[in-house]
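**Student:** could you look at this predicted model? Sequence included:
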Amino acid sequence: MSGAEGEDPANGAELVLHHVPVLPAGVLEGRSLVGVRVADGSRPEPGALLRFRTSLPCRILSVRRIEPAQDVPPAAVGPRLQEYPLAVPHQADGRPAYEVRWVVEAVDDRIGAAGEEMLLSRLELTGPGRPGEDRRIVARGLLAVAWTEPYDPVPHLPLLSTLDPGRPLPDPLAAAVAALVRADAASLPSCPRCAPRWEAELLTCAERLWDTADRYGDAGIARALARWIPTTDGRDLVRPCGRCSPIPPHTSPALEAEWEAAAQDARRRADATHRRLAERRGRAGSSSAG
């Protein structure tokens, strides 16, 4: 997701927007996550409103607080202006606190076409002004999107094959998916020194993707990873592995010792990552059962 931020330094607050800035052509609905970052020691803004100044084709469908989950009814609604009361979270990191769902009306052929972009809405975090004065603007943000040709980031990886083709992914999440796809497609080395490195890389990519999915709130990828049990069964073996050369120990004992130490370190990393992934699958299963 891409973040857009704006602040009023005098008030010590930032409006932090997390959303997918690039959508597949034809996708005219989406969601954005909004957080408010405040300086350490600051108090939440009393009577805060989140104001949307939308472009003509864009409508705000809903604003929902993430935790605890509850809809936020609008305080004011107009043709191109909507305001929602916020209990501004006292967060120093600006983590997402509200989910905003929006839709764009296809009033002409350019909207939603590949290569086009649009400013959907200007956002303002406002607080009460002095008696007789307008509300103060505490922080600002912009919500914009662009459209591109549909892209399927997971064409081969079975564990993610249930995800919708062409679904938009934020760049860091798409990169983590691509890294796992590459690691999963790599042949398993037959060399006993290199196989642990292959396994450690695969599991590290899986853990990194799970961390990234959690950070961006992608429950679909997290659920798929919770069901995935990585295994070496049925994989193609490659001989020679291409990661090292078969140098006899008597030719280079120092190099042989270095490779052996690297293999043992990779084995330890792979085993530790296996345990962490198993614990996460267990927590995910307990959460689903509850």
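**Tutor:** On my side now, so go ahead. Numbering: from 1, shown residues only.

**Student:** and R95, helix, strand or coil?
**Tutor:** Judged by DSSP: H, G, I helix; E, B strand; the rest coil, the three-state class of R95 is coil.

**Student:** look up how far P57 lies from the nearest residue to it once chain neighbours are set aside.
**Tutor:** Nearest non-adjacent residue to R95, counting by Cβ to Cβ, 6 or more residues apart in numbering: G35, 5.2 Å away. All C-beta spots, glycine's among them, are computed from the backbone N, C-alpha and C. Taking Cβ to Cβ, to the nearest Å as the measure, G35 falls 26 Å from P57.

**Student:** out of the two, which sits in the more crowded spot?
**Tutor:** Neighbours were counted for G35 and for P57 using other Cβ atoms under 10 Å; G35 has more, 21 against 16.

**Student:** isn't there a strand covering the more buried one?
**Tutor:** Yes: counting by three-state DSSP, G35 falls inside a strand.

**Student:** give me the beta-bridge partners of it?
**Tutor:** As for beta bridges, G35 partners with V16 under DSSP bridges.

**Student:** tell me where the stretch 151-290 of the chain has helices.
**Tutor:** Assigned by DSSP state H, counting those that start in this stretch, the stretch 151-290 of the chain shows helices spanning 171-185, 195-215, 219-227, 253-289.

**Student:** the last one - contacts with which helices or strands?
**Tutor:** Helix 253-289 makes packing contacts with helix 195-215, helix 219-227 when contacts are defined by 3 or more Cβ pairs under 8 Å, 6 or more residues apart in numbering; DSSP states H and E.

**Student:** who touches the first one?
**Tutor:** Looking back up the chat, that one is helix 195-215. If you take Cβ atoms under 8 Å, 6 or more residues apart in numbering as the criterion, helix 195-215 is touched by 172-173, 176-177, 179-180, 182-184, 186, 188-189, 219, 221-222, 225, 228, 230, 232, 241, 243, 262-264, 266-267, 269-270, 273-274, 276-277, 280.

**Student:** buried subset of these as a ChimeraX selection?
**Tutor:** Only the buried entries of these go into this ChimeraX selection, using 16 or more other Cβ atoms under 10 Å:
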select :173,176,177,179,180,183,184,188,189,221,222,225,228,230,241,263,266,267,269,270,273,274,277,280
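
**Student:** could you break the chain into its assigned domains?
**Tutor:** Using automatic domain parsing, the domains assigned to the chain come out as 2-148, 158-236+255-289.

**Student:** ok, residues contacting stretch 70-78?
**Tutor:** Outside stretch 70-78, the residues that touch it by Cβ under 8 Å, 6+ apart are 49, 62-65, 82-86, 98.

**Student:** quick revisit: hang on, the residue nearest to R95 packs against E99?
**Tutor:** No: G35 is beyond contact range of E99, at 10.8 Å (criterion: Cβ atoms under 8 Å).

**Student:** tell me the residues that contact both of those two, please.
**Tutor:** Residues touching both G35 and E99 (Cβ under 8 Å, 6+ apart): none.

**Student:** I'd like to check which residues are in contact with G30.
**Tutor:** Here G30 is in contact with 19-20, 23, 101-102, 145, 168 (Cβ under 8 Å, 6+ apart).

**Student:** PyMOL command for the buried members of those residues?
**Tutor:** The buried residues among the contacts of G30 can be selected in PyMOL (16+ other Cβ under 10 Å) with this line:
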select buried, resi 19+20+23+102+145+168
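
**Student:** now the contacts of G30 in a markdown table, with pLDDT?
**Tutor:** Formatted as a markdown table, the contacts of G30 follow (pLDDT from 0 to 100):
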| residue | pLDDT |
| --- | --- |
| H19 | 75 |
| V20 | 72 |
| L23 | 77 |
| R101 | 89 |
| W102 | 92 |
| V145 | 90 |
| P168 | 67 |
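
**Student:** and the gap between R135 and A114?
**Tutor:** Using Cβ to Cβ, one gets 39 Å for the distance from R135 to A114.

**Student:** if you could redo that for A76, that was the one I meant.
**Tutor:** Remark: distance between A76 and A114 (Cβ to Cβ) = 36 Å.

**Student:** next one: L203
**Tutor:** Counting by Cβ to Cβ, the gap from L203 to A114 is 37 Å.

**Student:** can you check G78 too?
**Tutor:** For G78, the distance to A114 (Cβ to Cβ) stands at 32 Å.

**Student:** thinking again about what came up before, okay, and which of the contacts of stretch 70-78 map to strands?
**Tutor:** In this view, the contacts of stretch 70-78 that belong to strands under DSSP state E are 49, 62-65, 82-86, 98.

**Student:** who touches G129 in this structure?
**Tutor:** Neighbouring residues of G129 by Cβ under 8 Å, 6+ apart: 135-136.

**Student:** no further queries at this time; thank you.
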